[in-house]
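Student: Sequence first, predicted coordinates after that:
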Amino acid sequence: MPKPRHSLISLEATPYYHCVSRCVRRAFLCGKDRVTGRCFEHRRGWIEERLLALSRTFAVEICAYAILENHTHTVIYVDRERAKSWTLDELIERWHGVFSGICLSHRYLQGDDLCEAEQDKLREVAELWRERLMSVSWFMRCLNEHIARLANAEDGCTGRFWEGRFKSQALLDEAALAACLAYVDLNPVRAGMADTPESSEYTSIKKRIEALKPATDTPKDKPVTSANPDLFPFVGNPRQDMPQGLPFVFTDYLELLDWTGRMVRDDKRGSIPTDTPPILKRLHIEPQAWLQLSTGFEKQFCHLVGHPEAVKKACGQLGQRWAWGTSQCRAMFSH
């Protein structure tokens, strides 16, 4: 029986989550229908546009995404501190960017004088909006419901577009985060939809690579980064006074993706080359285990992913005694 979402997501445990949504019956409702020949490829563009637009309103950063023909992958970072810093005006304006708001919020923005009771009520409602604007569930709801309405209107029908609730996996540490990022970025390659990450349409890795500055424009003393403003940046290896962003060097991550993609496409899992990317050594993941992670992340783990100690700690924060998949986490992340 599915667990309630509040028992699966704890921002105290981690701000990083992998979310997956699948179309009903896994039909090709976002790509080309192999039976009728109808093409719904443009709907993948709808999802990408809506996803990036919502991230500008919510306290949610997009770390990675891949929009395939019948399902979507999204890795997000919830920025609670940013949400807590919003003023009342900014909070209301953000909420109005997605929802209609209430009479009091519209009167407030218009400059009407509100009595003390009205001001108290508005602040109370606004705090509820603040919680929702840093909620994984509300973010995915605003994404999926919008797309479902557009698709149903185009098809002239009613009913479900998505299977139901989205699946979420909490990424508890750097190793789990890196594995999930690679899993998502290489999804079109594994599905045979693209030969390389940079040629995979409707993905974050394509946007990051396209945003790379030419080497001649980058100072020699600065690392190459992905400069797309819609995506959570790579800021380098963990260090003191580290800026907000993904804790990896982007060029190292690209090298890891290239290495992994070649192994997956060439079916050489049993033969690990000696030039294994150094990022795996820093994360203490064996190459063979990495290839298993990058090809079966969803199947190997349930809701909590990371080092066994991180899983144990997260269970306590979620009020659980144990988590399914702990033995798999121990096998993959305990090296």
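Tutor: Here it is on my side, so go on.
Student: where do the strands sit along this structure?
Tutor: 16-22, 60-67, 71-78, 167-171, 304-305 (DSSP state E).
Student: So for Cys115, what pLDDT did the model give?
Tutor: For Cys115, the model assigns a pLDDT of 95.
Student: what do you get for Cys157?
Tutor: As predicted, Cys157 sits at a pLDDT of 89.
Student: now the helices for the stretch 51-200 of the chain?
Tutor: 80-85, 88-96, 103-109, 116-132, 136-155, 174-185, 187-190 (DSSP state H, counting those that start in this stretch).
Student: Now the worst-scoring helix or strand of the chain on mean pLDDT: buried residues?
Tutor: Across the helices and strands of the chain, mean pLDDT, DSSP states H and E gives its lowest value to helix 326-333, namely a mean of 72. For helix 326-333, a neighbour-count test (16 or more other Cβ atoms under 10 Å) marks 326, 328-329, 332-333 as buried. All C-beta atoms are positioned from the backbone trio N, CA, C, and that covers glycine.
Student: could you give the angle of it to helix 174-185?
Tutor: 90 degrees (axes from the mean of the first three to the mean of the last three Cα atoms, to 10 degrees).
Student: other SSEs contacting helix 326-333?
Tutor: If you count contacts as 3 or more Cβ pairs under 8 Å, 6 or more residues apart in numbering; DSSP states H and E, helix 326-333 packs onto helix 174-185, helix 287-300, strand 304-305, helix 308-318.
Student: Repeat the analysis, applying 7 Å as the threshold.
Tutor: With contacts defined as 3 or more Cβ pairs under 7 Å, 6 or more residues apart in numbering; DSSP states H and E, helix 326-333 has these neighbours: helix 287-300, helix 308-318.
Student: wait, what's in contact with Tyr202?
Tutor: Contact analysis of Tyr202 by Cβ atoms under 7 Å, 6 or more residues apart in numbering lists 44, 48, 67.
Student: These into CSV, with extra columns for distance to Leu109, pLDDT and neighbour count?
Tutor: Output for the contacts of Tyr202, formatted as CSV (distance: Cβ to Cβ, whole Å; pLDDT from 0 to 100; neighbours: other Cβ atoms under 10 Å):
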residue, distance to Leu109, pLDDT, neighbour count
Arg44, 35, 93, 20
Glu48, 30, 96, 19
Ile67, 34, 96, 25
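Student: which among those gets closest to Arg132?
Tutor: Glu48 (22.9 Å; Cβ to Cβ).
Student: now the most centrally placed residue in the chain, which residues is it bridged with?
Tutor: Centroid-nearest residue in the chain, with Cα atoms, centre = their mean: Val75, separated by 1.6 Å. The residues listed as beta-bridge partners of Val75 by DSSP bridges are His18, Ala64.
Student: any idea of the pLDDT on it?
Tutor: 98.
Student: That one and Leu29, how far apart?
Tutor: Val75 sits 22 Å away from Leu29, taking Cβ to Cβ, to the nearest Å as the criterion.
Student: Likewise for Ala211?
Tutor: Relative to Leu29, and taking Cβ to Cβ, Ala211 is found at 29 Å.
Student: on that earlier part again, now for the residue nearest to the centre of the chain: which residues touch it?
Tutor: 16, 18, 63-64, 180-181, 184.
Student: mind redoing it with 10 Å?
Tutor: By Cβ atoms under 10 Å, 6 or more residues apart in numbering, the residues touching Val75 are 16-19, 61-66, 169, 171, 177, 180-181, 183-185, 204, 232, 246.
Student: Adding distance to Gln292, write the strands of the chain out as JSON lines.
Tutor: Shown next, in JSON lines, are those (distance: least, Cβ to Cβ, whole Å):
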{"stretch": "strand 16-22", "distance to Gln292": "16"}
{"stretch": "strand 60-67", "distance to Gln292": "19"}
{"stretch": "strand 71-78", "distance to Gln292": "18"}
{"stretch": "strand 167-171", "distance to Gln292": "16"}
{"stretch": "strand 304-305", "distance to Gln292": "13"}
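Student: hey, which of these is tucked in deepest?
Tutor: With neighbours defined as mean count of other Cβ atoms under 10 Å, the strands of the chain peak in mean count at strand 304-305, which reaches a mean of 30.
Student: and the residue lying closest to Arg25 once chain neighbours are set aside, backbone torsions?
Tutor: Nearest non-adjacent residue to Arg25, counting by Cβ to Cβ, 6 or more residues apart in numbering: Glu163, 8.0 Å away. Backbone torsions of Glu163, given as degrees, to the nearest 10, read phi -60, psi -40.
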